[in-house]
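# how would this look folded up:
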Amino acid sequence: MTQSNVCNLAHLSIPTEECIIQTLKLRYESKLAYTLVGSVLLSVHTELDSEQELKNYHTQDEKNQPLDPAHLYLFLYKHYRRMHHHKESISVILSGETGSGKSTILRRTIDFMTAADENLHTIFTAGHFLITTMGSAKTLQNNYASRFALYTRLYFADTGLCTGGEFFQYGLEVSRVARLQEDRYNFNIFYDLLYGAPQGFLDILQLQREKEYRYIKARASEGMNIFQENYLAVQVCENDDFYFNAFIL
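Residues are numbered from 1 along each chain as shown. Predicted coordinates for the structure are as follows:
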């Protein structure tokens, strides 16, 4: 068995640091971004997952490609089956350094769990996008670093279908708003507003696009012109019964 075929690091005969890193490297080069460590799933930040993969793992279909025993979607499927069979709640904790892909993993988890309901998936996606944008800021390591902790709750019917959910934020780094250090930027939502909102909208708020405001550093948009996406996300959340516990800065 080659190291790239070892899907669980607990099965390595010699689990040295060098061997672990080499195994992860080989798996990543083989487009296998996930590796188990016992019952824990380790993820290398990647955009490898496709919509077809989601469908394959959701239906357990191996016709198009073999299912990776350590894939995120299979990991979620097993825990989902356990929850549905034993009728008990389960918790999944996402932990990692900034830029390691925690928000991406959460988004893929939402995609997988709400795949059977397109409307619910749209609402969840909009809610997650909005709360992440409002609480993210540019750092030295990550342009969209989340500066808060997020607790996401999903609800399931007895049939196993996801019926709704909630987002709760806590630990928001509010000091970033009023006491901005020399090497830091404020929350992205402020830049999105100034660089992305139509001039008429800024006039209503009595804001000037080119003014040097005390709470933010002057900065080019750098591709962060996503005000319209934020606006659409707000509309999606407002037009549905989905409970959205957002924060106000």
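# who does Tyr155 bridge with?
Gly164 (DSSP bridges).
# distance of it from Gly101?
In this view, Tyr155 and Gly101 are 25 Å apart by C-beta to C-beta, to the nearest Å. Yep, even glycine has a C-beta here, placed from its N, CA and C like the rest.
# neighbour count winner among these two?
It is Gly101, of Tyr155 and Gly101, that has more neighbours when counted by other C-beta atoms under 10 Å, with 18 against 11.
# So the residue nearest to that one when sequence neighbours are not counted, which state does it fall into?
Leaving aside its chain neighbours, Gly101 sits nearest to His45 (3.4 Å; criterion: C-beta to C-beta, 6 or more residues apart in numbering). Three-state assignment for His45 (DSSP: H, G, I helix; E, B strand; the rest coil): coil.
# ok, His45 touching Lys102?
No: between His45 and Lys102 there is no contact under C-beta atoms under 8 Å: 9.1 Å.
# which residue ranges form the strands in the protein?
34-37, 40-43, 136-137, 145-146, 149-156, 162-170 (DSSP state E).
# Rebuild those strands as TSV, extending it with mean pLDDT and distance to Leu193.
Listed next are the strands of the chain as TSV, based on pLDDT from 0 to 100; distance: least, C-beta to C-beta, whole Å:
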stretch	mean pLDDT	distance to Leu193
strand 34-37	93	37
strand 40-43	92	32
strand 136-137	86	14
strand 145-146	86	19
strand 149-156	92	22
strand 162-170	89	19
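# Output the longest helix belonging to the protein.
Counting residues, the longest helix found in the chain (DSSP state H) is helix 118-134.
# Buried ones in that helix, by neighbour count?
If you call a residue buried by 16 or more other C-beta atoms under 10 Å, then helix 118-134 has these buried ones: 120-121, 123-134.
# Minimum pLDDT in those residues, which residue is that?
Looking at the buried residues of helix 118-134 by pLDDT, the weakest one is Thr133, with 79.
# okay but that one is in contact with Leu193, surely?
No: at 10.6 Å, Thr133 does not count as touching Leu193 under the criterion of C-beta under 8 Å.
# count of neighbours near the closest residue to Leu94 other than its chain neighbours?
Leaving aside its chain neighbours, Leu94 sits nearest to Lys102 (4.5 Å; criterion: C-beta to C-beta, 6+ apart). By the criterion of other C-beta under 10 Å, Lys102 has 18 neighbours.
# Lys102 touches Gly96, doesn't it?
Yes: using C-beta under 8 Å, Lys102 is in contact with Gly96, at 5.3 Å.
# mind checking how far the residue nearest to Leu94 is from Thr109?
Lys102 is 11 Å from Thr109, by C-beta to C-beta.
# By mean pLDDT, which helix or strand of the protein comes out lowest?
Taking mean pLDDT, DSSP states H and E as the measure, the chain has helix 227-238 as its least confident helix or strand, at a mean of 58.
# Quick check, pLDDT for the residue nearest the centre of the chain.
The centroid of the chain falls nearest to Ser103 when counting by C-alpha atoms, centre = their mean (2.2 Å). Looking at Ser103, its pLDDT is 86.
# wait, what's in contact with it?
Residues near Ser103 by C-beta atoms under 8 Å, 6 or more residues apart in numbering: Thr132, Tyr144, Ser146.
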